[in-house]
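Trainee: Need the 3D shape of this:
(chains A and B)
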Amino acid sequence: MSVPRFWRELDTRYNLIGSYCKITKTYHYPRRSFNPEAGRESIGSMEDYQFKGSGEIVSSTVVHQAQTGYEMFGPYCMAIIELDEGPRITTQIVDCDPEIVKPGMKVKSVFRKLGEDSESGILHYGTKFIVIEYNEVEESEENIPDIEV
Amino acid sequence: MNGIVSYGAYVPSHKIETGEIASVWGADGSAWAKNLNVYSKSVPGPDEDVITISVEATRQAMKRANLNGDFIGAIYTGSESHPYAVKPTSTIVAEAIGATPNLTAADFEFACKAGTAAIQTCLGMVGDKQIDNGIAIGVDTSQGAPGDALEYSASAGGGALIIGSKKVIAQINHTTSYTTDTPDFWRREGQKYPRHGGRFTGKPAFFKHVVSCGMMMMQKAGTEAKDYDYVVTHQPNGKFPIRAAKTLGFTNEQFETGLLTPRIGNTYSGAVFLGLAAILDIAKPGDRILAVAYGSGAGSDAFDITVTDEIAKMDRSETVENLISRMKIINYATYAKYRGKLNMGASK
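Mentor: The predicted structure follows:
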């Protein structure tokens, strides 16, 4: 990613700055200049909004074949989370065993390194999420796989 | 009345035990742990560095004080492991707390006491009414070379103090410093790991500076060890700070709250900040604290602090103890992976 492009999106990545539509009273992330649901009426009615950084897991997966730059995490958890204000975002869930992440778990944002251009290039920082409330998922009998003996 | 308006702390959520490191090098883990009084040390994740830890600690301090970035006039970050050689950590912290652009910022380096030099700078600017509030940060993610004695203690973590004149939770009554040219520990430009003078880091370096500075501070304040409820000093291992505190006349009850190195290792620039944060987590109005930092090269900064009634109004539910209790043990292989000690070959 070019240095200017990352720089332009600093507040979106660092501080979860998105938009609030005064017409439909809905929140959007990342920042939008207009709301497709409200059409041209929303132009001029979108204001910057800093998300609280709390939400819950909607869906998650464990990545075993790490993307370039993420080898040191492997395996790691990627998840779709829903922020308390409504928008859904895709993010890495850090600081926990990736296998325990389940839908409904509460998460909060943390400031982390996202990557780097190269060993001598610019460092990219931004937001990832950690689980703050573990809802123990009880294994019901139906969920326990049969073991052939 | 100038002093600490708020404080924040951060320790990574991974740790490695001394015995695990010793087993890799065929050393006696129990002996190393006992000799250093360090039983485990924190390990930053692959996506954690001085910048991320500084932001987390500073955000906690801002949240506790219910302040926004508009009230911050200066940010100074002290560290010996800034991710960039040229480009400040402090500007990224400023952006991440919404304090840009109306502030001054710079990074400090003085081995393990760069953060306390930042406190003194903020105190001077607040005292001169150039700014309302300044943030002093002390954070490190330092490393010891594999197999070196430092590998058993060098860890990661740190804290942030908001220094100001209004709603002060802990008044800084006095500060003083003791500085000499003592080459006990250094890292040359471009080198990955620091080097040290072995036993030379003790008596002529750490003890001479910490004890002299602590005595000078009490002389300046007109106090004795018994006048303080808590003392915290720099803690490169778990033994040096105990011996220094006892030499200055302090007891176990006074130094045990701020002594974290036995459980989280040596956080370098972060050590006094974290020890002080652990004390402020439980301090009551009227408590008096002596803090003495030490940085190799070498110098000490001391602070005579009195906790005010304001601290009783502050939300102190997020504590250093909470951060430590959530830490999970990792093995040496994971530690080597997280700390970039693996050679990934030319393609990486």
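
Trainee: And the strands in the chain?
Mentor: Defaulting to chain A. Using DSSP state E, the strands of chain A run over A:17-21, A:26-28, A:46-50, A:54-63, A:76-83, A:88-94, A:106-116, A:123-133.

Trainee: meant chain B, my bad for not saying
Mentor: Using DSSP E, the strands of chain B run over residues B:3-10, B:14-17, B:40-43, B:74-78, B:104-108, B:133-141, B:156-164, B:170-182, B:185-186, B:195-196, B:230-233, B:288-295, B:297-307, B:328-329.

Trainee: Save those as JSON lines, and put in mean pLDDT, distance to chain A and mean neighbour count too.
Mentor: In this view, the C-beta of every residue, glycine as well, is placed from N, C-alpha and C. Shown next, in JSON lines, are the strands of chain B (pLDDT from 0 to 100; distance: least, CB to the nearest CB, whole Å; neighbours: other CB atoms under 10 Å in any protein chain shown):
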{"stretch": "strand B:3-10", "mean pLDDT": "98", "distance to chain A": "10", "mean neighbour count": "27"}
{"stretch": "strand B:14-17", "mean pLDDT": "98", "distance to chain A": "8", "mean neighbour count": "22"}
{"stretch": "strand B:40-43", "mean pLDDT": "98", "distance to chain A": "12", "mean neighbour count": "26"}
{"stretch": "strand B:74-78", "mean pLDDT": "98", "distance to chain A": "14", "mean neighbour count": "30"}
{"stretch": "strand B:104-108", "mean pLDDT": "98", "distance to chain A": "14", "mean neighbour count": "19"}
{"stretch": "strand B:133-141", "mean pLDDT": "98", "distance to chain A": "11", "mean neighbour count": "30"}
{"stretch": "strand B:156-164", "mean pLDDT": "98", "distance to chain A": "13", "mean neighbour count": "30"}
{"stretch": "strand B:170-182", "mean pLDDT": "98", "distance to chain A": "26", "mean neighbour count": "18"}
{"stretch": "strand B:185-186", "mean pLDDT": "91", "distance to chain A": "24", "mean neighbour count": "18"}
{"stretch": "strand B:195-196", "mean pLDDT": "88", "distance to chain A": "23", "mean neighbour count": "16"}
{"stretch": "strand B:230-233", "mean pLDDT": "98", "distance to chain A": "26", "mean neighbour count": "28"}
{"stretch": "strand B:288-295", "mean pLDDT": "98", "distance to chain A": "25", "mean neighbour count": "27"}
{"stretch": "strand B:297-307", "mean pLDDT": "97", "distance to chain A": "27", "mean neighbour count": "24"}
{"stretch": "strand B:328-329", "mean pLDDT": "96", "distance to chain A": "8", "mean neighbour count": "12"}
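
Trainee: worst-scoring helix or strand of the chain, pLDDT-wise?
Mentor: Just going to use chain A. When the helices and strands of chain A are scored by mean pLDDT, DSSP states H and E, helix A:3-8 comes last with a mean of 90.

Trainee: Can you look at chain B instead?
Mentor: strand B:195-196 (a mean of 88).

Trainee: Point me to the residue sitting closest to the centre of chain A.
Mentor: Centroid check for chain A by CA atoms, centre = their mean gives A:Thr91 as the closest residue, at 3.1 Å.

Trainee: Next, B:Leu248: phi, psi?
Mentor: phi -80, psi 0 (degrees, to the nearest 10).

Trainee: Just give me the longest helix of chain B.
Mentor: The longest helix of chain B (DSSP state H) is helix B:50-65.

Trainee: Just the angle for that one relative to strand B:3-10, thanks.
Mentor: For helix B:50-65 against strand B:3-10, the angle by axes from the mean of the first three to the mean of the last three CA atoms, to 10 degrees is 130 degrees.

Trainee: And helix B:50-65, what does it pack against?
Mentor: When contacts are defined as 3 or more CB pairs under 8 Å, 6 or more residues apart in numbering or on different chains; DSSP states H and E, helix B:50-65 packs onto strand A:106-116, strand A:123-133, strand B:3-10, strand B:74-78, helix B:89-96, strand B:133-141, strand B:156-164.

Trainee: Could you rerun that using 10 Å?
Mentor: strand A:106-116, strand A:123-133, strand B:3-10, strand B:74-78, helix B:89-96, strand B:133-141, strand B:156-164, helix B:271-282 (3 or more CB pairs under 10 Å, 6 or more residues apart in numbering or on different chains; DSSP states H and E).

Trainee: follow-up on the earlier one: what does the least confident helix or strand of chain A rub up against?
Mentor: Applying CB atoms under 10 Å, 6 or more residues apart in numbering or on different chains, the contact partners of helix A:3-8 are A:1-2, A:13, A:114-115, A:117, A:121-126.

Trainee: Would you mark the buried spots in that helix?
Mentor: Residues of helix A:3-8 classed as buried: A:Phe6 (neighbour count, 16 or more other CB atoms under 10 Å in any protein chain shown).

Trainee: Kindly format the C-alpha coordinates of that helix as CSV.
Mentor: What follows is helix A:3-8, C-alpha atoms only, in CSV (Å, rounded to 0.1, in the frame of the first residue of the first chain):
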residue,chain,number,x,y,z
VAL,A,3,2.4,5.7,2.0
PRO,A,4,-0.1,8.5,1.0
ARG,A,5,-3.0,6.1,0.8
PHE,A,6,-2.4,4.7,4.2
TRP,A,7,-1.9,8.2,5.6
ARG,A,8,-5.3,9.3,4.2
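
Trainee: Quick check: beta-bridge partners of the residue nearest to A:Glu47 when sequence neighbours are not counted?
Mentor: Residue nearest to A:Glu47 in three dimensions, not counting chain neighbours: A:Tyr20, with 5.3 Å by CB to CB, 6 or more residues apart in numbering or on different chains. In this entry, A:Tyr20 is beta-bridged to A:Tyr27, A:Glu47, by DSSP bridges.

Trainee: Show the pLDDT at A:Tyr20.
Mentor: On pLDDT, A:Tyr20 comes in at 98.

Trainee: Stretch B:102-121: how far from the chain's middle?
Mentor: 12 Å (CA atoms, centre = their mean, to the nearest Å).

Trainee: Any buried residues in that stretch, and which?
Mentor: For stretch B:102-121, a neighbour-count test (16+ other CB under 10 Å) marks B:103, B:105, B:107-108, B:110-121 as buried.

Trainee: Pretty sure A:Asn15 sits against A:Arg31.
Mentor: No: look at A:Asn15 against A:Arg31 with CB atoms under 10 Å: they stay out of range, at 11.1 Å.
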